[in-house]
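# I would like to see how this sequence folds:
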Amino acid sequence: MAGKLRKLIICDPEKCNGCQICEYVCSIFKEKTINWKKSRIRAVKIEPIFDMAVACRKCEEPTCVKACPRDAIEMDDATGIVKIDKDKCNGCGWCIEACEFGAIRLHLDDKIVFTCDFCQDEGGPKCVEFCPKEALKYETLEQVGVESSKRAVKKILEELVDVSKKS
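Numbering: from 1, shown residues only. Predicted coordinates:
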């Protein structure tokens, strides 16, 4: 139950335009450089259908943790944030292959893996704060479900109004 109440970075593909500002903001705050390859969030483009940003999903049973042969990755039970022990990580990449969402990356300079920590030391995800299209939100899956239900009901009501106007 606790995992379902954890906040995630959620992307609305109807609003995301693939601008990659989330990647640049992340690299600036985390790496002090503008380099999308050092970002903890990824803007994924599936042309011509849609754009969507993807970050760590705080899995209930993270495959990245299970895959690490050096026990360099652990999940904080309270927050769900995946943490990398830089002293133990040798950059083998097993966790990268195991992550179903492509949320773990190899740092090109340090040769160790990294993933989103939701800017816990900066007061919350900066990618969400600076998204120009407000396509990113930091909320629980419960909140996402409530918003989705509201949109569905609104759409049904609009369709009913349209049908009644045509009658």
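# all helices of this protein, in order?
21-31, 63-67, 94-98, 126-130, 141-166 (DSSP state H).
# so which elements touch the second one?
Translated: helix 63-67. strand 73-75, helix 94-98 (3 or more C-beta pairs under 8 Å, 6 or more residues apart in numbering; DSSP states H and E). To be clear about C-beta, it is placed using only N, CA and C from the backbone, and glycine gets the same treatment.
# how far away from the center of its chain is the last one?
This points to helix 94-98. Taking C-alpha atoms, centre = their mean, to the nearest Å, the mean C-alpha location of helix 94-98 is offset from the chain mean by 17 Å.
# where does this protein have low pLDDT?
Along the chain, segments meeting pLDDT under 70 span 1-4.
# for Asp106, grab the count of nearby residues.
Not Asp; residue 106 is Leu. Per other C-beta atoms under 10 Å, the neighbour tally for Leu106 reads 16.
# an error on my part: the question was meant for Glu129.
Neighbour count of Glu129, defined by other C-beta under 10 Å: 15.
# give me the nearest residue to it, chain neighbours excluded.
Val25 (7.8 Å; C-beta to C-beta, 6 or more residues apart in numbering).
# buried sites along stretch 156-167?
By neighbour count on 16 or more other C-beta atoms under 10 Å, the buried set for stretch 156-167 is empty.
# now the helices and strands packed on helix 63-67 in JSON lines, with distance to Ile46 and mean neighbour count?
Converted to JSON lines, these look like this (distance: least, C-beta to C-beta, whole Å; neighbours: other C-beta atoms under 10 Å):
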{"stretch": "strand 73-75", "distance to Ile46": "28", "mean neighbour count": "19"}
{"stretch": "helix 94-98", "distance to Ile46": "20", "mean neighbour count": "18"}
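# could these go into JSON lines alongside distance to Val144?
Formatted as JSON lines, the helices and strands packed on helix 63-67 follow (distance: least, C-beta to C-beta, whole Å):
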{"stretch": "strand 73-75", "distance to Val144": "21"}
{"stretch": "helix 94-98", "distance to Val144": "25"}
